[in-house]
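1. Here is the input, now give the coordinates:
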Amino acid sequence: MIKLIKLEYKKNNIKKYIIITLILTSILLLFCFAQTYLGIARDSDTGVVDAVEGANTVDSYVDLFTTISFLILSSAMQSTFIVDAYKNKTMDLMFQYPIGRKKILISKILAVLIFSFAALVLCKLIIYIVLYIGSFYLTPDFLVEGVNLASASFYFRIILQSLSTVCLSIIALYIGLLWKSTKAPVITSFLLILLSQGNIGQFTLVSSKVFPVVLIAVSIICAFLCVIKVETKDVGGGKET
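-> Numbers count the residues shown, from 1 in each chain. Here you go, the predicted structure:
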């Protein structure tokens, strides 16, 4: 499996996604730093921080921006690694290898999940560390109380949220395979963002402790549906043999 994952990284030029991740992390870091310390979130007339209720802490908008960015990135990678492989018939060639089709497909899904998860965790840690260090020298507009680098629960929360975010890309992948469209996963990712990050009044799913677990469970079901019939399905025609 490890060899198949490495092969996927080589075939799909993983260096390109590493560069994209570095650029994305830099942009998010600059934006979050400016939001926290440079007053870009202040009302131009009153000078008061313009933040909605419940979103006046650093972790609230760091989670928001990183989730949106990396969900779109991971969904786009799932589309390129898998859906595009079906459309371009390169999956036909791979299925001729003396390796089980399920194993090939699972390796592709894992290749995206592993990269996206690691990239998202590192991105969040870099942002939080820089913002935490900045709090010693600058006066933040938002509370930095959620950033406790000495707390195990802080890292557990980052890992759980990052895992639930990248797992959402499996749902997007399933929709893409269902519709046989490379655009569907990216479009689905936007809909998932609206669902997971939206709010009705003061109620929002993102604050729920159960919601990430539910997302992971739904993603596992979608992953199962993606691979369950791959051994008996004709790749070119999309029909079972």
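
2. residue ranges with poor pLDDT in this protein?
-> Flagging of the chain using pLDDT under 70 yields the residue ranges 39-56, 145-146, 198-209, 231-241.

3. again, only this time at 50
-> 47-49, 51-55, 201, 235-241 (pLDDT under 50).

4. Name the single longest helix found in this structure.
-> helix 101-134 (DSSP state H).

5. how far is the helix or strand just after it from where the chain is centred?
-> Using DSSP states H and E, the helix or strand that directly follows helix 101-134 along the chain is helix 152-179. When distances are taken as CA atoms, centre = their mean, to the nearest Å, helix 152-179 is centred 6 Å away from the chain's centroid.

6. For helix 152-179, which residues meet the burial criterion?
-> For helix 152-179, the neighbour count (16 or more other CB atoms under 10 Å) marks 154-155, 157-158, 161-177 as buried. Placement of C-beta: from N, CA and C, glycine included.

7. Mind listing what's buried along stretch 111-126?
-> 111, 112, 113, 115, 116, 117, 119, 120, 121, 123, 124.

8. nearest residue to the first one other than its sequence neighbours?
-> If the residues on either side of it in the chain are set aside, residue 111 comes closest to residue 8, at 4.0 Å by CB to CB, 6 or more residues apart in numbering.

9. Which of the helices or strands spans the one you found?
-> Residue 8 belongs to helix 2-11, assigned by DSSP H and E.

10. what element comes up after that helix heading to the C-terminus?
-> helix 14-37.

11. on that earlier part again, so what's the residue nearest to residue 111 up against?
-> Contacts for residue 8 (CB atoms under 8 Å, 6 or more residues apart in numbering) come out as 81, 107, 108, 111.

12. Please apply the same query to residue 167.
-> 113, 215, 216, 219, 220 are the contacts of residue 167 under CB under 8 Å, 6+ apart.

13. now do residue 124
-> 62, 63, 66, 158, 162.

14. if I look at it, how far off is residue 23?
-> 16 Å (CB to CB, to the nearest Å).

15. Quick check, central residue of this protein?
-> residue 71 (3.2 Å; CA atoms, centre = their mean).

16. Test my guess that residue 172 contacts residue 185.
-> Yes: using CB atoms under 8 Å, residue 172 is in contact with residue 185, at 3.9 Å.

17. who touches both of those two?
-> Common neighbours of residue 172 and residue 185 (CB under 8 Å, 6+ apart) are 75, 78, 79.

18. So which of these wins on neighbours?
-> Highest neighbour count within the shared contacts of residue 172 and residue 185, by other CB atoms under 10 Å: residue 78, with 32 neighbours.

19. Go ahead and confirm that one touches residue 171.
-> No: when contacts are counted by CB under 8 Å, residue 78 is not listed as touching residue 171 (9.8 Å).
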